[in-house]
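**Student:** need a structure here:
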Amino acid sequence: MDTLVEGWQEIEGGLEVEIVEIPTDGESAELKLSELRTEIMAGEGPDIFVLSCTPPTVDASHEDLFRDLGKAMEAGMFLPLDEYISNAKYIDTSGWNQTVLVAGKTEEGQVVLPLYYYIQAYVYKSSDLSGQELPDSWETLIASDSPIVGNLWAFDFVYSFENLADYQTGKLTFTEEVLKAYLEEYCSGLERVGAQNSETEFPEPIASGNITPEFLTQGVGGALEEDQTYLAVPNREGSVTALVCKFAAINVTVQHPLFKDNIWVA
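**Tutor:** Numbers count the residues shown, from 1 in each chain. Sure thing, here's the model as predicted:
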């Protein structure tokens, strides 16, 4: 952030910038979050937000400035960025992941710019998965008898969820009956996986955890290997859920002329 600010100041000739950081310790963080929320609700607050965010399906105990980013987007709290992006002078947008960008869009346009995302996944030697039927949907995942596949979703069940609510319609994305059936399938499968794990030896992954875009292009050890297979939990739609963990947005009440009048992105 300091480097970015220095660049802005050099380009704009003495641009004054104040960086507001949210403390990491609990009590100080709560006070700063409360202060910023009060300012934002009063039509003030920072001009620009560059924040980390934690999806509630992953960690409900962690509190971000915007408790529900999707709700804040639909409430019109951020300035549409489409003109800024289309007239960008200092960035190349051709390589942006369009699927991930959708997470920051509303009917008003691109109101949040995802900066960083990850996919929870496991990396195995392809030879270790020889003969394994790899899942391509939630149904094949939960029905699999493979201890490797079972171990995958037993620990990473939360990553099979997509957005929990659709704020454009004001409705949840699932019914109580669907969620109940979903959890019953999980609990039943978990018992089966536990029994399999106690009786079966299976290969360990080369790596596991948050797989970032850099990891997907470089592979384990910095070089993409042909003998690597990536396994991630399919969501209910048959795709894989990527979690945005850093984003940028402009306050809809922004007062600085750099963002009100100049249509460009640094």
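**Student:** what about residue 84, neighbour count?
**Tutor:** Residue neighbour count, defined by other CB atoms under 10 Å, stands at 18 for residue 84. Yep, even glycine has a C-beta here, placed from its N, CA and C like the rest.
**Student:** quick check: phi and psi at it.
**Tutor:** When read as degrees, to the nearest 10, the backbone of residue 84 gives phi -60, psi -50.
**Student:** does residue 9 touch residue 2 like I think?
**Tutor:** No. Counting by CB atoms under 8 Å, residue 9 does not reach residue 2; the two are 10.6 Å apart.
**Student:** give me the more crowded residue out of these two.
**Tutor:** Using other CB under 10 Å as the criterion, residue 9 and residue 2 rank with residue 9 on top: 13 against 8.
**Student:** let's see the pLDDT reported for that one.
**Tutor:** Note for residue 9: predicted pLDDT of 71.
**Student:** ok, and the closest non-adjacent residue to it?
**Tutor:** Take residue 9 and drop its neighbours on the chain: the residue closest to it by CB to CB, 6 or more residues apart in numbering is residue 15, 4.8 Å away.
**Student:** did I read that right, the one you found in a strand?
**Tutor:** No. Using DSSP: H, G, I helix; E, B strand; the rest coil, the secondary structure at residue 15 is coil, not a strand.
**Student:** what about it, how many residues nearby?
**Tutor:** A count of nearby residues for residue 15, using other CB under 10 Å, gives 14.
**Student:** that one touches residue 6, doesn't it?
**Tutor:** No. Under the criterion of CB under 8 Å, residue 15 lies out of contact with residue 6, with a separation of 10.0 Å.
**Student:** can I get the CA coordinates of the longest helix anywhere in the chain in PDB?
**Tutor:** For the chain, the helix with the greatest residue count under DSSP state H is helix 176-199. These are the backbone C-alpha positions of helix 176-199, laid out as PDB (Å, rounded to 0.1, in the frame of the first residue of the first chain):
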ATOM      1  CA  GLU A 176     -34.500 -25.400   4.700                       C
ATOM      2  CA  GLU A 177     -35.300 -28.800   3.100                       C
ATOM      3  CA  VAL A 178     -32.400 -28.600   0.700                       C
ATOM      4  CA  LEU A 179     -30.000 -27.600   3.500                       C
ATOM      5  CA  LYS A 180     -31.300 -30.400   5.800                       C
ATOM      6  CA  ALA A 181     -30.800 -33.000   3.000                       C
ATOM      7  CA  TYR A 182     -27.400 -31.600   2.300                       C
ATOM      8  CA  LEU A 183     -26.200 -31.900   5.900                       C
ATOM      9  CA  GLU A 184     -27.700 -35.400   6.200                       C
ATOM     10  CA  GLU A 185     -25.700 -36.500   3.200                       C
ATOM     11  CA  TYR A 186     -22.600 -35.000   4.700                       C
ATOM     12  CA  CYS A 187     -23.000 -36.700   8.100                       C
ATOM     13  CA  SER A 188     -23.800 -40.100   6.500                       C
ATOM     14  CA  GLY A 189     -20.800 -39.800   4.200                       C
ATOM     15  CA  LEU A 190     -18.600 -38.600   7.100                       C
ATOM     16  CA  GLU A 191     -19.300 -41.900   9.000                       C
ATOM     17  CA  ARG A 192     -18.400 -43.900   5.900                       C
ATOM     18  CA  VAL A 193     -15.100 -41.900   5.400                       C
ATOM     19  CA  GLY A 194     -14.200 -42.400   9.100                       C
ATOM     20  CA  ALA A 195     -14.500 -46.200   8.700                       C
ATOM     21  CA  GLN A 196     -12.500 -46.200   5.500                       C
ATOM     22  CA  ASN A 197      -9.700 -44.100   7.000                       C
ATOM     23  CA  SER A 198      -9.300 -46.500   9.900                       C
ATOM     24  CA  GLU A 199      -8.900 -49.500   7.500                       C
END
